[in-house]
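Below is the sequence, then the predicted model.
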Amino acid sequence: MDCHTDWPEPIVRVQSVSESGAGLIPARYIKPQAERTCCQPELDTNLEPIPVVNLGDDDTSALSNACRDWGFFQAVNHGVSPELMRRTRELWREFFHLPMETKQAYANSPKTYEGYGSRLGIEKGAVLDWGDYYFLHFFPLCLKSHDKWPAVPVALRETVEEYGRELVKLSKRVLGLLSVGLGLEVERMQRSFGGEEAGVCMRVNYYPKCPQPDLTLGLSSHSDPGGITVLLPDNEVRGLQVRRGTGWVTVQPVADAFIINVGDQVQVLSNATYRSVEHRVVVNSKIERLSIAFFYNPRSDLLVGPMPELLSTNSLALYQPMTFDEYRLYMRKNGPRGKSQVESLKAI
């Protein structure tokens, strides 16, 4: 277990805690009663399905309705090779199974979060989530450094590059469909993201086995701060839960599908026509879980506010404009906190 003085406390890898064989989790991972889950996802029979959208049909109406109502959908016929999806997931699983000293060479800091990490937010004494992760940048190129990408497994860097290229294309398609769903030209939302200068990054989430899964969370409830998120789930283990009304729905992944959701920036740009929705991750006592979240975001220094075409005397701007650089500092400082950040931007 390694320590980094740029974090508020010594960093402890959750995987190390899990593999220690302890029957009780440390107090720093125990969530307040109101945030805990009532049961493990494998025992949850309330599996209301989130919408499934066939991107092979470019079904604008289905995608738009899903993002207005749920904020989430599962994308099938999306054009990304299932073999590439599986290869990417398994290479990252191999990385998390490497010796700890190998992974520690990539330990991250709060400055950029790039690398091997175990916490979000820098609040001293915060209750932590039960998960480790690996965060890396694709764009802008000034933030991208292969030195921060794992050199092992040997095929990982090349595979991640290919995966990134494919998911950038997919993200642009989704943005175009979201624009058309608002009655705008297909490129409108992409321009609001900075055109070809949109920001792209990825976080690989690793949730080790947990001896007391009912007391903690793999990732606390939050809405994503960025534009859109394309999630490659673990098809073998359920864990993602989406807020639906006053309750939670456990997502059952569709084979070879991506789970795509709207982030806070799209909620702001659409003046709340599309909704970023809270979600969280529950953990498992019997098996580990791995997922890969791909984030497609506005260029960090652009002011993001409701698009003028959507405003009128009967539809005023709901949010104050803010750059994504300013916006994401909230989560970097405080960690995941529901929808408190986007709510704080409300202008009326």
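Cool, got the structure.

Give me the buried stretch members for stretch 315-324, please.
Buried residues in stretch 315-324, defined by neighbour count with 16 or more other Cβ atoms under 10 Å: Ala317, Leu318, Tyr319, Met322, Phe324. (Glycine included, C-beta is placed from N, CA and C.)

Quick check: end-to-end length of it?
24 Å (Cα to Cα, to the nearest Å).

quick one, what contacts the residue lying closest to Gly199 once chain neighbours are set aside?
Closest residue in space to Gly199, ignoring its immediate chain neighbours: Asn297 at 4.1 Å, by Cβ to Cβ, 6 or more residues apart in numbering. Contact analysis of Asn297 by Cβ atoms under 8 Å, 6 or more residues apart in numbering lists Phe193, Ala198, Gly199, Val200, Cys201, Gly226, Gly227, Gly263, Gln265, Phe324.

which one of those sits closest to His97?
Set against His97, the nearest of those by Cβ to Cβ is Cys201 (23.5 Å).

Mind listing the residues bridging to that closest one?
Under DSSP bridges, the beta-bridge partners of Cys201 are His137, Phe295.

okay, it: pLDDT?
Note on Cys201: pLDDT of 97.

That one contacts Pro140, doesn't it?
No - applying Cβ atoms under 8 Å as the test, Cys201 and Pro140 come out as separate, 10.1 Å apart.

what about those two, which has more around it?
When neighbours are counted by other Cβ atoms under 10 Å, Cys201 and Pro140 differ, and Cys201 comes out ahead with 21 against 15.

for the chain, what's the longest helix?
helix 156-181 (DSSP state H).

how far does it sit from the chain's center?
15 Å (Cα atoms, centre = their mean, to the nearest Å).

Val237 - nearest residue in space that isn't next to it in sequence?
Among residues not flanking Val237 along the chain, Arg289 sits closest, at 4.3 Å (Cβ to Cβ, 6+ apart).

beta partners for the one you found?
Bridge pairing for Arg289 - DSSP bridges - gives Tyr207.

Relative to Met202, how far out is it?
As judged by Cβ to Cβ, to the nearest Å, Arg289 and Met202 stand 17 Å apart.

re earlier: which strands and helices sit next to the longest helix of the chain?
In this structure, helix 156-181 packs against helix 60-69, helix 82-96, strand 132-139, helix 188-192, strand 199-207, strand 228-232, strand 258-262, strand 289-297, with contacts taken as 3 or more Cβ pairs under 8 Å, 6 or more residues apart in numbering; DSSP states H and E.

and Pro308, which of those is closest to it?
helix 188-192 (10.4 Å).

what about that closest one, distance to the chain center?
21 Å.

what mean pLDDT does that helix have?
Taken as a whole, helix 188-192 has an average pLDDT of 97.

What are the buried residues along that helix?
Buried residues in helix 188-192, counting neighbours by 16+ other Cβ under 10 Å, are found at Arg188, Met189, Gln190, Ser192.

How about stretch 233-240?
In stretch 233-240, counting by 16+ other Cβ under 10 Å, buried: Pro233, Asp234, Asn235, Val237, Arg238, Gly239, Leu240.

sorry, back to before: mind checking pLDDT for the residue nearest to Gly199?
In this model, Asn297 is scored at 97, pLDDT.

re the thing from before, and the residue nearest to Val237, how many neighbours?
23.

quick one: contacts for it?
Asn205, Tyr206, Tyr207, Gly218, Asp234, Val237, Gly239, Val281, Val283 are the contacts of Arg289 under Cβ under 8 Å, 6+ apart.

so which of those residues comes closest to Thr88?
Of the contacts of Arg289, the one sitting nearest to Thr88 (Cβ to Cβ) turns out to be Asp234, at 12.3 Å.

what's the helix or strand for that closest one?
Under DSSP states H and E, no helix or strand contains Asp234.

and which of the contacts of Asn297 is nearest to Gln15?
Using Cβ to Cβ, Cys201 comes nearest to Gln15 of those, at 22.2 Å.

In terms of pLDDT, where does the spatially closest residue to Gly164 that is not a sequence neighbour sit?
Spatially, and ignoring its direct neighbours in sequence, Gly164 is nearest to Phe138 (4.8 Å; Cβ to Cβ, 6+ apart). For Phe138, the model assigns a pLDDT of 96.

Quick check on the residue of the chain positioned farthest from its centre: phi, psi?
What lies farthest from the middle of the chain is Thr313; by Cα atoms, centre = their mean that is 35.3 Å. Thr313 adopts backbone torsions of phi -60, psi -20, taken as degrees, to the nearest 10.

what's the spacing between Glu101 and Asn108?
Distance from Glu101 to Asn108, by Cβ to Cβ: 16 Å.

Output the below-cut-off pLDDT ranges for this structure.
Low-confidence segments of the chain (pLDDT under 70): 1-5, 38-48, 330-348.

Pick out the residue nearest the middle of it.
Centre-nearest of the chain using Cα atoms, centre = their mean is Ala293, 4.6 Å out.

thought Ser118 was touching Arg13?
Yes - counting by Cβ under 8 Å, Ser118 touches Arg13, with 5.4 Å between them.

sec struct for the residue lying closest to Arg119 once chain neighbours are set aside, please.
Nearest non-adjacent residue to Arg119, counting by Cβ to Cβ, 6+ apart: Leu128, 5.4 Å away. Three-state call for Leu128 (DSSP: H, G, I helix; E, B strand; the rest coil): coil.

now Leu128: how far from Trp7?
Taking Cβ to Cβ, one finds Leu128 at 11 Å from Trp7.
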